[in-house]
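Enquirer: Predicted model follows, preceded by the sequence.
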Amino acid sequence: MRETASEVAREEVERRVGWFRPFVLAILILILLNTLCVGGAIVLVVRQVISIPPGLLSAFTGGTAPIVIQATTVLDRIQTLSDVVTTRYNYSSLVQSQRDMPGLLNALYGDKLLMVAVGHINAGIDMTKITPSSITRQGDSMTIRLPPPQLLDCFLDEKSSYVVSRDTGLFAKPAPNLDQEARRYAVAQFRDMAIKADIYAEVQTHAQTVVQDFVSGLGIKQVTVQTSSPDPNAPLPDSCR
């Protein structure tokens, strides 16, 4: 009899408090959802206030990064190729390429490369563009107008170019575009310096001498070789872009 009364009492207690557990669980779920909403709002506010340096993400992931490049370049020598109407300028440059990042973060997330770049810029005159209208002859005299000089190719000497050092921050992954950007920068710098140094004038002077000597050797007593100004709208070779 006592056992029956005890069971009845226990069932009555369980019936009265059975709603409490789902109620507590619902409260916990509401608290969790509220926490997630508040946390998300805080993250959005912080992202608006704090700007992440462009190179910081790539330092963690090892992806491409904004690059800052400096270089010290000298003209080694001017080399004239006598077998064709071509002039070559040879350059060497000490190129420093680094991930674009604030100074305080460089030690931890920076990536810097120091490279010796050796390259060549070739310019010449395409003699196949000489047409019959480019040549005028009167008796023993001949006048030849040459086509405009142009860049032929721009390239690095891979055997002579090399990376001196590579310094990557403690928590950074190497940027894969650092070496590529340094090489591209070096070639573009060599190209611009060759044009500024008037490689076209060197080509024209060399071409006048070569063509005049060649035509005179054919028996023409008086030879005049005229040059044409470079065409500013002429497309650059792919290697010089």
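Expert: The structure has been received and is ready for your questions. Numbering: from 1, shown residues only.

Enquirer: Check for me that Arg137 belongs to a helix.
Expert: No: going by DSSP: H, G, I helix; E, B strand; the rest coil, the assignment for Arg137 is strand, not a helix.

Enquirer: Return the set of residues that bridge with it.
Expert: The partner list for Arg137 in beta bridges (DSSP bridges) reads Met142.

Enquirer: neighbours around it, how many?
Expert: Other residues near Arg137 come to 10 when the count uses other CB atoms under 10 Å. Glycine gets a C-beta too; all of them are placed from N, C-alpha and C.

Enquirer: Could you measure from it over to Thr143?
Expert: Taking CB to CB, to the nearest Å as the measure, Arg137 falls 8 Å from Thr143.

Enquirer: Kindly report the same for Ser228.
Expert: Distance from Ser228 to Thr143, counting by CB to CB: 13 Å.

Enquirer: cool, and Leu113?
Expert: Distance of Leu113 to Thr143, computed by CB to CB: 53 Å.

Enquirer: And for Lys173?
Expert: Relative to Thr143, Lys173 is positioned 64 Å away (CB to CB).

Enquirer: just Ala117 next, same as before
Expert: With CB to CB as the criterion, Ala117 and Thr143 are 43 Å apart.

Enquirer: Looking at the two now, which is surrounded by more residues?
Expert: A direct count of neighbours by other CB under 10 Å for Ala117 and Thr143 places Ala117 higher, at 24 against 14.

Enquirer: Which of the helices or strands spans that one?
Expert: Assigned by DSSP states H and E, Ala117 falls within strand 111-124.

Enquirer: Could you list which residues are in contact with Gln98?
Expert: Listed by CB atoms under 8 Å, 6 or more residues apart in numbering, the contact set of Gln98 reads 67-69, 106, 110-113, 178.

Enquirer: With respect to Asp213, which of those residues is nearest?
Expert: Ile69 (43.5 Å; CB to CB).

Enquirer: ok, what's across the strand from that closest one?
Expert: Beta-bridge partners for Ile69, by DSSP bridges, are Ser97.

Enquirer: mind listing what it touches?
Expert: Counting by CB under 8 Å, 6+ apart, Ile69 touches 95-98, 181-182, 185.

Enquirer: Now with 10 Å, please.
Expert: Contacts for Ile69 (CB atoms under 10 Å, 6 or more residues apart in numbering) come out as 95-98, 100, 113, 115, 178, 181-182, 184-186, 189.

Enquirer: I'd like the residues you listed as TSV, with distance to Ala201 and pLDDT appended.
Expert: Shown next, in TSV, are those (distance: CB to CB, whole Å; pLDDT from 0 to 100):
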residue	distance to Ala201	pLDDT
Val95	27	97
Gln96	32	96
Ser97	32	95
Gln98	36	93
Asp100	38	88
Leu113	35	95
Met115	31	97
Leu178	36	93
Glu181	31	94
Ala182	30	95
Arg184	27	96
Tyr185	26	96
Ala186	24	97
Gln189	20	97
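
Enquirer: Now a PyMOL select for only the buried ones of the residues you listed.
Expert: Once 16 or more other CB atoms under 10 Å is used to decide burial, the buried members of those can be selected in PyMOL as follows:
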select buried, resi 95+96+97+98+113+115+178+181+182+184+185+186+189
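
Enquirer: where does the protein dip in pLDDT?
Expert: For the chain, applying pLDDT under 70 flags the ranges 1-57, 59-62, 71-84.

Enquirer: can I see the domain layout of it?
Expert: The chain breaks down into these domains under automatic domain parsing: 2-49, 54-240.

Enquirer: winner for burial among those?
Expert: Per residue and on average, the most neighbours among the domains of the chain fall to domain 54-240, with a mean of 16 (mean count of other CB atoms under 10 Å).

Enquirer: Now do the strands in this protein.
Expert: In the chain, the strands defined using DSSP state E lie at 67-81, 86-99, 111-124, 135-138, 141-145, 150-156, 162-168, 222-226.
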